[in-house]
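**Q** Show me how the following folds:
(one chain, ligands or ions: 2)
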Amino acid sequence: MTGHPQAQRMTPSEALVETMAANGVTEVFGIVGSAYMDALDIFPAAGIRFIPVAHEQGAAHMADGYARASGRHGVCIAQNGPGITNFVTAIAAAYWAHSPVVFITPETGSLTMGLGGFQETEQLPIFSKITKYQGHVNSPRRMAEIAGRCFDRAVLEMGPAQLNIPRDHFYGECVATISPPLRIGRGPGDATALDAAAGLLAEAKFPVIVAGGGVIMAEGTAEAVALAERLHAPVCTSYLHNDSFPASHELWCGPLGYQGSKAAMKLIARADVVLALGTRLGPFGTLPQYSLEYWPTGAKIVQVDADAKALGLVKPISVGIHGDARATAAALIERLRGRELACQANRAERRQRIAAEKTAWEQELTGWTHERDAFSLEVAQGSPHMHPRQLLRELEKAMPADAMVATDIGNICSVSNSYLRFDRPRSMFAAMSFGNCGYAFPVACGAKIARPDRPAVAYVGDGAFGISLNELLTCAREKIGVTVVVFNNGQWGAEKKNHVDFYSRRFQAVNLVNPGWARVAQAFGCEGVTVETLADVGPALRAAVAAQADGRCTVLEMMVTQELGDPFRRDALSKPVRFLPKYANYT
Ligand SMILES: Cc1ncc(C[n+]2csc(CCOP(=O)(O)OP(=O)(O)O)c2C)c(N)n1
Ligand SMILES: [Mg+2]
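**A** Ligands and ions are numbered 1, 2, ... in the order given. Model (predicted):
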């Protein structure tokens, strides 16, 4: 760092924009509004592109996708009141994706606040549970300070920070210092805990690593690979972080959790020591799957997380390390250097077992061309459409090596988990624990803007596409080249599955009457292609990805049967019980 920045006379708008520039911001998502027009006016002069979207939810999702793809801040801004409340769902999603999103929320003017004027609502309480930090500019003179803190805290706390600005506070003048970003290194964690962890790993006969999102955020892939190789430990990826370990590596075993890899589950079930590297071990991510209770309750668990509050929260642990996944992995490698490892003795046997489990799962997956439950067999019989699993396999085969894939919430998106493999980090952007339908498409747009050099693909169910399709407008207007794979099964499938399993097929509000999605895309000024057969899937995906280079967005409408894979929440539903006679038939 060179010298101390100078205090200068400027307006609060200038202080805000200069702070953004100091933090490397080059894109901001939003819908234009009078509240912040004074700052918006000078965005171009500061080298900031404003990307106008169709709905503020899309803006905040794009900021999330941008942050996840780049590791830099994603920024969005909107009009006070309704523009800001439109952010809520997407900010909650970014919170659970641990995304450093800075969302700027101009508020009603400080001199009329509380009088019930136009577009007034208290904007801090609304976001209080879904942000890591809330900065409120209580005086125009504090704009630079508080804006800077929001950018610092979003990174430090790994989640969204709100910058709330009464709209009159954009005006006036201040003498402000634009401080350089404050980036605090996390380090490997406590030495005693590292010693204990190294001791457990050295004594382990069947160590298994779970690589989580923390590995990606810490840019720690190389260290995770080196540690896995030192131990020759199989590596499972944590739920929906399929990009936390390279899939082409012999020690990669695939994802744990819903619709994950049986190989990963069977291998971790044998572990005597688990190293949970950069994962909070979220409750949904380790639920039994395929009737496998795979979590090794007898094993010693070493958990590493950059958020100390996540340690031991969900699963009991033997050692907790509050550290950066990359630095901790490096410190563990250091501590294991030259040391005798118990797992050396059975290395050949473990290697064989890993290979065998992976081969078995791959074969099972290949043979698993369609779902086999009674409902699925009925609806797929005689259908001219593609089986979802076969379609997903074709997409997997045609997916470019450096693709970024955003996935939505739905039955087919969930099943896709087994078919999404990546060799590099920052490649998979699933709607994480918040699980909102409508996540994937705008997130893919944000990712594409952050990384125009990489293909961006969204997997979206037809129901969820209805929530998010307005951003086709943005793609056409701003020439955002993304590929949207819409699974057209004519239903809110994931919820319909619950009707099948628990409500005796009393279908209600789950069947969808769709327009042709390809035609809809064309009407918006995008490309639209309807794909009917497996042979056309690969060529269609490749053509759509090629069109991204020209800034063209393509909707690939995939015609699929109505069969349904295993449900999300078998754990959370139960057969209906009715006591009143008038509801007696509803069991
Ligand atoms: C915003 C939001 N609304 C409702 C839900 C509940 N929900 C979860 S999955 C699902 C069905 C998704 O249907 P679709 O997108 O068509 O995908 P499919 O299950 O058919 O593959 C719904 C409605 C949700 N998760 N998020
Ligand atoms: Mg559907």
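
**Q** so how far is residue 309 from the closest residue to ligand 1 within the stretch 451-587 of the chain?
**A** Residue of the stretch 451-587 of the chain nearest ligand 1, by C-beta to the nearest ligand atom: residue 461 (2.1 Å). Just so you know, the C-beta spots here come from the backbone N, C-alpha and C atoms, and that holds for glycine as well. For residue 461, the distance to residue 309 equals 33 Å [C-beta to C-beta, to the nearest Å].

**Q** which residues sit in contact with the residue lying closest to residue 173 once chain neighbours are set aside?
**A** Closest residue to residue 173 apart from its sequence neighbours, by C-beta to C-beta, 6 or more residues apart in numbering: residue 11 at 5.7 Å. By C-beta atoms under 8 Å, 6 or more residues apart in numbering, the contact list for residue 11 reads 38, 170, 171, 172, 173, 174.

**Q** Can you tell me which of the residues you listed are buried?
**A** With burial judged by 16 or more other C-beta atoms under 10 Å, the buried subset of the contacts of residue 11 is 38, 170, 174.

**Q** so residue 140 makes contact with residue 14?
**A** No: the criterion here is C-beta atoms under 8 Å, and residue 140 misses it with residue 14 at 11.0 Å.

**Q** Dump stretch 420-436 to CSV, restricted to CA.
**A** The C-alpha trace of stretch 420-436 is given here as CSV (Å, rounded to 0.1, in the frame of the first residue of the first chain):
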residue,chain,number,x,y,z
LEU,A,420,-22.6,-32.1,-13.3
ARG,A,421,-18.9,-32.5,-13.1
PHE,A,422,-16.3,-29.7,-13.2
ASP,A,423,-12.6,-29.5,-13.4
ARG,A,424,-12.2,-25.9,-12.2
PRO,A,425,-13.7,-23.9,-9.3
ARG,A,426,-16.3,-21.2,-9.8
SER,A,427,-18.2,-23.3,-12.2
MET,A,428,-21.4,-24.4,-10.4
PHE,A,429,-23.9,-21.9,-9.1
ALA,A,430,-26.8,-23.7,-7.6
ALA,A,431,-29.6,-22.1,-5.6
MET,A,432,-28.1,-23.1,-2.4
SER,A,433,-29.8,-23.5,1.0
PHE,A,434,-32.4,-20.7,0.3
GLY,A,435,-33.7,-22.8,-2.6
ASN,A,436,-35.7,-20.3,-4.5
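
**Q** So for residue 571, what's the pLDDT?
**A** Note for residue 571: predicted pLDDT of 79.

**Q** In space, what's closest to it - neighbours in sequence excluded?
**A** residue 287 (5.7 Å).

**Q** And for that neighbour, the neighbour number?
**A** Residue 287 sits with 19 neighbouring residues when counted by other C-beta atoms under 10 Å.

**Q** How about the contacts made by it?
**A** When contacts are counted by C-beta under 8 Å, 6+ apart, residue 287 is found next to 257, 258, 571.

**Q** repeat for residue 121
**A** When contacts are counted by C-beta under 8 Å, 6+ apart, residue 121 touches 81, 84, 85, 108.

**Q** Those residues of this structure touching ligand 1, which are they?
**A** 409-412, 435-438, 461-464, 487, 489, 491-495 (C-beta under 6 Å from any ligand atom).

**Q** SS state for the nearest residue to residue 324 once chain neighbours are set aside?
**A** Spatial nearest neighbour of residue 324, excluding adjacent residues (C-beta to C-beta, 6+ apart): residue 186 at 3.8 Å. Using DSSP: H, G, I helix; E, B strand; the rest coil, the structure places residue 186 in coil.

**Q** Just read off the phi/psi values of residue 186.
**A** When read as degrees, to the nearest 10, the backbone of residue 186 gives phi -100, psi -30.

**Q** residues contacting it?
**A** 218, 306, 323, 324, 327.

**Q** list the contacts for the closest residue to ligand 2 within the stretch 451-587 of the chain?
**A** Ranked by C-beta to the ion, the top residue of the stretch 451-587 of the chain for proximity to ligand 2 is residue 461, at 3.9 Å. Contact analysis of residue 461 by C-beta under 8 Å, 6+ apart lists 408-413, 437, 486-487, 489, 492-494.

**Q** buried ones in the one helix or strand residue 448 maps to?
**A** If you go by DSSP states H and E, residue 448 is part of helix 440-450. Neighbour-count burial for helix 440-450 flags 440, 441, 442, 443, 444, 445, 446, 447, 448, 449, 450 (criterion: 16+ other C-beta under 10 Å).

**Q** swap in stretch 384-395?
**A** Neighbour-count burial for stretch 384-395 flags 385, 386, 387, 388, 389, 390, 391, 392, 393, 394, 395 (criterion: 16+ other C-beta under 10 Å).

**Q** do the same with stretch 45-53
**A** Buried-residue list, stretch 45-53, by 16+ other C-beta under 10 Å: 46, 48, 51, 53.

**Q** could you show me where the strands are in the stretch 1-150 of the chain, in order?
**A** Here the stretch 1-150 of the chain has its strands, by DSSP state E, counting those that start in this stretch, at 7-10, 27-30, 49-52, 74-77, 101-107, 133-136.

**Q** Turn these into TSV, including mean pLDDT and distance to residue 158.
**A** Listed next are these as TSV, based on pLDDT from 0 to 100; distance: least, C-beta to C-beta, whole Å:
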stretch	mean pLDDT	distance to residue 158
strand 7-10	96	31
strand 27-30	98	20
strand 49-52	98	24
strand 74-77	98	13
strand 101-107	98	11
strand 133-136	98	11
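
**Q** and those strands, which is most packed in?
**A** strand 74-77 (a mean of 32; mean count of other C-beta atoms under 10 Å).

**Q** That one - which strands sit beside it in the sheet, and in what orientation?
**A** Strand pairing for strand 74-77, using DSSP bridges, gives strand 27-30 (parallel), strand 101-107 (parallel).

**Q** Could you dump these into TSV and include distance to ligand 2?
**A** Compiled in TSV, the strands paired with strand 74-77 are given as follows (distance: least, C-beta to the ion, whole Å):
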stretch	distance to ligand 2
strand 27-30	27
strand 101-107	28
